[in-house]
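In: What would the 3D arrangement of this be:
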Amino acid sequence: MSRLVCADFDEFEEALYGVEGHYVLRSRQQRDWRLRVVELDGVALMFGREGAGTVYSGIGLPGFFNIFLPLSRHECTVLGGQRLNPRLIGWMVPEAMFHIDASQPASWMTVAMSCELVLRWMQQHEDEFSPEILTHNVVCLAQQDLAPLVWLALRLLRIDHCAPQQLHTPAAENSARNELLDSLFRSLLPATPVQRSVAAQHSHPQILRRALELLDAMPDTPLHMADLCQACNTSERTLRNLFTRYLGMSPHRYLMQHRLHAIRRALLHAGPEETITELCARFGVWDFGRFAGLYRRYFGELPSQSLRSRRSLPPLNPH
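Out: Got it, this is the predicted structure:
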């Protein structure tokens, strides 16, 4: 089992299986970040505990389906614009973007499954499995009590920690993997998506994706609301409604958060001659006092401390 305890979100973000994305903090870090992973040859079971309120924007990696199940703060978690509760499951398909907004530090369970295993299960249960679920992200109503699925996952976690030699033989892994997939799909199928309009299902994620792709494509450029509206060919009102629904914050606040994260990355990769003032000016920051207060609120340290921590690291050995 992989066990990871992180002081902040960067290392945690990079360790996630089956998805690729980035966090934006909604609140100051309140605790460390923890991730436990059990690998079962084609299936990765993950338990995560986040250290702050967050927005996670990610995309399913090619070759993997994922399920997402909050274990706490259900009422504070929104997936794909749908507020979750203890009876809802998130289903994510390969190469489709998704957004998880958790206004409070939350704990969750995910299962990343190889396409090969999912398709094999589908072939064996053709009468229960609609091919439509293979093409779209959905939030589904659980078909049965989720407690047995969570209990099984926790039991695998305990055995992997206490007696890994018992679990990690080819026969045992195969048996455990099949039991986990059976329990998962029995909870999920037949998939009953939470009802939303067809127009919203198709147009809204595309508009939001264009806005976020612009931010990712221009990380060192100060962007404004007008830039997002122009890139998405939509009105400020529509964009404001979409950001609030899917990401839990206005576009203005998201832009501010994006700028804070971009400056933090720049500070952590600053050259020996670069100063905080120069780096902030690059991102259009003119009120340094206010910026420093916001930076400390979200990252728990001042910009100068981030820069010092970067420069205190030993130089990399080119050999």
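In: for the stretch 51-200 of the chain, what are the low-confidence residue spans?
Out: 195-200 (pLDDT under 70).
In: The same query, at a cut-off of 90, please.
Out: 73, 120-133, 143-144, 162-167, 169-172, 174-175, 178, 182, 186, 188-200 (pLDDT under 90).
In: and the residue most central in space within the chain, what are its bridge partners?
Out: In the chain, the centroid-proximal residue (CA atoms, centre = their mean) is Y56; its distance is 3.8 Å. Taking DSSP bridges as the rule, Y56 bridges to Y23, I100.
In: In contact with F129, which residues?
Out: Listed by CB atoms under 8 Å, 6 or more residues apart in numbering, the contact set of F129 reads 121-122, 185, 189. For the C-beta atoms, the positions are set from N, CA and C on the backbone; glycine is no exception.
In: go again using 10 Å as the cut-off
Out: By CB atoms under 10 Å, 6 or more residues apart in numbering, the contact set of F129 is 118-119, 121-123, 185, 188-191.
In: any chance of the residues you listed in a markdown table, plus secondary structure, neighbour count and distance to E75?
Out: Output for the contacts of F129, formatted as a markdown table (DSSP: H, G, I helix; E, B strand; the rest coil; neighbours: other CB atoms under 10 Å; distance: CB to CB, whole Å):
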| residue | secondary structure | neighbour count | distance to E75 |
| --- | --- | --- | --- |
| V118 | helix | 21 | 30 |
| L119 | helix | 14 | 35 |
| W121 | helix | 18 | 32 |
| M122 | helix | 17 | 33 |
| Q123 | helix | 9 | 38 |
| F185 | helix | 20 | 26 |
| L188 | helix | 22 | 22 |
| L189 | coil | 17 | 26 |
| P190 | coil | 11 | 26 |
| A191 | coil | 18 | 23 |
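In: Could you provide those in JSON lines, with additional columns for distance to P272?
Out: JSON lines is the format used below for these (distance: CB to CB, whole Å):
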{"residue": "V118", "distance to P272": "49"}
{"residue": "L119", "distance to P272": "52"}
{"residue": "W121", "distance to P272": "54"}
{"residue": "M122", "distance to P272": "55"}
{"residue": "Q123", "distance to P272": "58"}
{"residue": "F185", "distance to P272": "55"}
{"residue": "L188", "distance to P272": "53"}
{"residue": "L189", "distance to P272": "57"}
{"residue": "P190", "distance to P272": "60"}
{"residue": "A191", "distance to P272": "55"}
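In: which of these lies closest to S107?
Out: Nearest to S107, judged by CB to CB, of those is L188 at 20.4 Å.
In: quick one, what contacts the closest one?
Out: Shown in contact with L188 (CB under 10 Å, 6+ apart): 67, 89, 91, 129, 133, 138, 140-144, 146, 149.
In: And for R240?
Out: R240 makes contacts with 225, 229, 250-252, as judged by CB under 10 Å, 6+ apart.
In: any idea how far D216 is from it?
Out: 20 Å (CB to CB, to the nearest Å).
In: same question, L61
Out: Look at L61 and D216: by CB to CB, they are 16 Å apart.
In: So what's the residue count around C280?
Out: If you count neighbours by other CB atoms under 10 Å, C280 ends up with 21.
In: To clarify, my last question referred to L307.
Out: 18.
In: do the same with S304
Out: Neighbours of S304 (other CB under 10 Å): 12.
In: Also R83?
Out: R83 has 16 nearby residues by other CB under 10 Å.
In: is it true that it touches V139?
Out: Yes: with contact defined as CB atoms under 10 Å, R83 reaches V139; the gap is 9.4 Å.
In: intersection of neighbour lists for the two?
Out: Common neighbours of R83 and V139 are listed as V194 (criterion: CB under 10 Å, 6+ apart).
In: Quick check: the two most widely separated of the contacts of R240?
Out: The span of the contacts of R240, defined through CB to CB, is set by C229 and S250 at 13.2 Å.
In: These two: which has the busier surroundings?
Out: C229 (18 against 15).
In: Return the distance of that one relative to H258.
Out: Taking CB to CB, one finds C229 at 16 Å from H258.
In: and if you look at M249?
Out: For M249, the distance to H258 - CB to CB - is 11 Å.
In: N241 now?
Out: According to CB to CB, N241 and H258 sit 19 Å apart.
In: Helix or strand: which one has E20?
Out: Here E20 sits within strand 19-25, counting by DSSP states H and E.
In: What angle do strand 19-25 and the helix or strand where R237 lies make with each other?
Out: Element membership for R237, per DSSP H and E: helix 236-247. With axes from the mean of the first three to the mean of the last three CA atoms, to 10 degrees applied, the angle from helix 236-247 to strand 19-25 works out at 110 degrees.
In: before we move on, back to that, and the contacts of R240, which is closest to S114?
Out: Distance to S114, by CB to CB, is smallest for P251 among these, at 36.4 Å.
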